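[1] Predicted model, plus sequence, below.
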Amino acid sequence: MGRSTTAKDAEALVHSLRSAYSATPTNLKIIDFYIAFAVVTALIQVVYMAIVGSFPFNSFLSGVLSCVGTAVLAVCLRIQVNKENKEFKDLPPERAFADFVLCNLVLHLVIINFLG
């Protein structure tokens, strides 16, 4: 009994994604892991809220929005630092990182203010 074409297509897709991602520069892979960590942390907080409850709802919102906001800012950093992106070719990586740090600072000041 042969494998279905869907399984073969899925295997080919995973293989092509893995081979394409192996050519990704190390600095972009580090940013990708940071994004994954922020998203997993947000998911853990949502699961915890679903199990335990959301008594201090401001704390829950602050934690989740902090993780999601940080992930979004990291995606923006990844887009700006990527050498293959022609739109930001004149932007030095140091400037992109400085923008990332400044925006994170503003984001977390707003989140701390939201906590009360």
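    Thanks, I have it. Residues are numbered from 1 along each chain as shown.
[2] and Tyr21, what is it in contact with?
    Neighbouring residues of Tyr21 by CB atoms under 8 Å, 6 or more residues apart in numbering: Lys29. C-beta coordinates here come from the backbone N, C-alpha and C atoms, glycine included.
[3] try Cys76
    Residues touching Cys76, when contacts are defined by CB under 8 Å, 6+ apart, comprise Asp99, Phe100, Cys103.
[4] which of those has the most neighbours?
    When neighbours are counted by other CB atoms under 10 Å, Phe100 leads the contacts of Cys76 with 19 neighbours.
[5] residue contacts, that one?
    By CB under 8 Å, 6+ apart, the residues touching Phe100 are Leu73, Ala74, Cys76, Leu77.
[6] Quick one, which of the residues you listed are buried?
    Among those, those classed as buried by 16 or more other CB atoms under 10 Å are Leu73, Ala74, Leu77.
[7] taking those one by one, which sit in helices?
    Counting by DSSP state H, the members of the buried ones among the contacts of Phe100 that fall within helices are Leu73, Ala74, Leu77.
[8] Which pLDDT value goes with the last one?
    Same thing as Leu77. The model reports Leu77 with a pLDDT of 95.
[9] what about the nearest residue to it once chain neighbours are set aside, which helix or strand?
    Leaving aside its sequence neighbours, Leu77 sits nearest to Phe100 (CB to CB, 6 or more residues apart in numbering; 4.3 Å). Under the criterion DSSP states H and E, the helix or strand holding Phe100 is helix 93-115.
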